[in-house]
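**Student:** Prediction below, plus the sequence it came from.
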Amino acid sequence: MKKWVFLFVLFLLFAREVNEYKSDGDFQIIDERHGLRVPKESGTLEIAKDQVYQGNLLLVNKEHPVHRGGIKSDVVNLFQHKELIEGYGLSDERIRLSQGVAEKFLEMVRAAEKDNVRHFMISSGYRNEEEQSQLYQEKGSAFALPAGYSEHNLGLSLDIGSTLSGMNEAPEGRWLQKNASKYGFILRYPENKKAITGIEYEPWHFRYVGLPHSRIMQKKNFTLEEYLTYIKEKKKIGGTIAGVEYEVSYYPVSSKKTVKLQANAYEVSGDNMGGVIVTAFSSVHARDGQEK
């Protein structure tokens with residue numbers, strides 16, 4: 001009974017809806033779009049080498065290009081999915097994004113509306129290599145990255161604007177900087193972090209990494225580069241978030257690897273640099289907790 005209570009709460013926190021169980025090799029998928037899974041009784045997880053290049057925590061920058069396997073498979077045209085754009089606007093009818101990320105963004109927009117912040121718009125989402133190459137030629141290296149080296153080539157990033165003013169001044173920008181991490185998003189290129197990210201401050205560029213990672217990064221003022229370095233050095237970190245215990249573990253992967261896993265649910269992401277991060281969720285507390 002306790003396990004079913006845990007799963008129900010976990011759905012509410014990370015998926016907001018309960019999907020049917022689907023058999024998939026050594027585990028059962030409970031939220032296929034966002035990668036949340038339940039281990040079978042064996043308590044082991046087999047990680048293939050190509051997992052290094054898949055997942056929500058992939059580092060993409062001038063040194064680490066996108067691998068084709070890392071591109072989200074659920075990229076959709078937002079304008080053609082009216083249910084995904086309720087409460088915000090699009091600057092272009094051709095904007096595409098991972099459907100799973102769009103669902104999380106919509107959830108975040110609805111939360112902002114309760115705080116009377118409601119003038120969001122998306123100005124850019126997923127770009128294929130041809131579109132990125134054209135942008136790079138038009139804008140140059142000071143304002144764009146070459147094809148294959150931009151997060152926009154993954155489907156996990158989006159440029160968010162406000163119909164009121166620039167994001168560094170608009171209520172929407174201020175609200176996101178304070179609250180986006182609660183919904184799995186990070187401000188990818190913060191102020192005063194160019195030496196680390198290689199990119200100037202972009203108050204409009206947000207990236208989905210998922211929970212608990214976004215909350216930890218917000219608390220520690222980490223960029224994605226800093227967070228992945230931190231996990232690699234620590235090997236294992238843990239805490240609680242919204243009452244759910246988590247443990248984040250790093251594994252270098254050069255070939256197929258088997259990992260011991262004792263958890264009620266988990267997700268896996270590569271870092272695009274030779275390692276894999278396994279995030280395990282193991283129990284529920286009666287009250288909200290805080291990540292350590």
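**Tutor:** Received it, and whenever you're ready, just let me know what you need. Numbers count the residues shown, from 1 in each chain.
**Student:** nearest spatial neighbour of Asn272, skipping sequence neighbours?
**Tutor:** Excluding the flanking residues, the one nearest Asn272 by C-beta to C-beta, 6 or more residues apart in numbering is Leu58, at 4.2 Å. Every residue, glycine included, has its C-beta placed from N, CA and C.
**Student:** Neighbours of the one you found, how many?
**Tutor:** Counted with other C-beta atoms under 10 Å, the neighbours of Leu58 add up to 26.
**Student:** ok, it - contacts?
**Tutor:** Val66, Gly70, Leu154, Leu156, Ser269, Gly270, Asp271, Asn272 (C-beta atoms under 8 Å, 6 or more residues apart in numbering).
**Student:** From Arg94, how far off is the residue lying closest to Gly184 once chain neighbours are set aside?
**Tutor:** Excluding its sequence neighbours, the residue lying closest to Gly184 (C-beta to C-beta, 6+ apart) is Gly210, at 4.5 Å. Distance check for Gly210 against Arg94: by C-beta to C-beta, to the nearest Å, it reads 26 Å.
**Student:** These two: which has the busier surroundings?
**Tutor:** Neighbours of Gly210 and Arg94, each counted by other C-beta under 10 Å, are more numerous for Gly210; the result is 25 against 11.
**Student:** Let me know the helix or strand that that one is in.
**Tutor:** For Gly210, there is no host helix or strand (DSSP states H and E).
**Student:** pLDDT score assigned to it?
**Tutor:** On pLDDT, Gly210 comes in at 95.
**Student:** I'd assumed Ser98 was in contact with it.
**Tutor:** No: using C-beta atoms under 8 Å, Gly210 is not in contact with Ser98; the gap is 11.8 Å.
**Student:** and the residue nearest to Gly184, how far is that from Ala102?
**Tutor:** On the measure of C-beta to C-beta, Gly210 and Ala102 end up 14 Å apart.
**Student:** just Gln177 next, same as before
**Tutor:** With C-beta to C-beta as the criterion, Gln177 and Ala102 are 21 Å apart.
**Student:** Which of the two has more residues huddled nearby?
**Tutor:** Ala102 (25 against 17).
**Student:** okay, now the closest residue in space to that one that isn't next to it in sequence: neighbour count?
**Tutor:** The shortest distance from Ala102 to any non-neighbouring residue, by C-beta to C-beta, 6+ apart, is to Leu84 (4.6 Å). A total of 18 residues lie near Leu84 under the criterion other C-beta under 10 Å.
**Student:** thinking Leu84 is in contact with Gly100, fair?
**Tutor:** No: using C-beta under 8 Å, Leu84 makes no contact with Gly100, being 10.5 Å away.
**Student:** Spatially central residue in this structure, please.
**Tutor:** Most central in the chain under C-alpha atoms, centre = their mean is Val209, positioned 2.0 Å from the mean C-alpha point.
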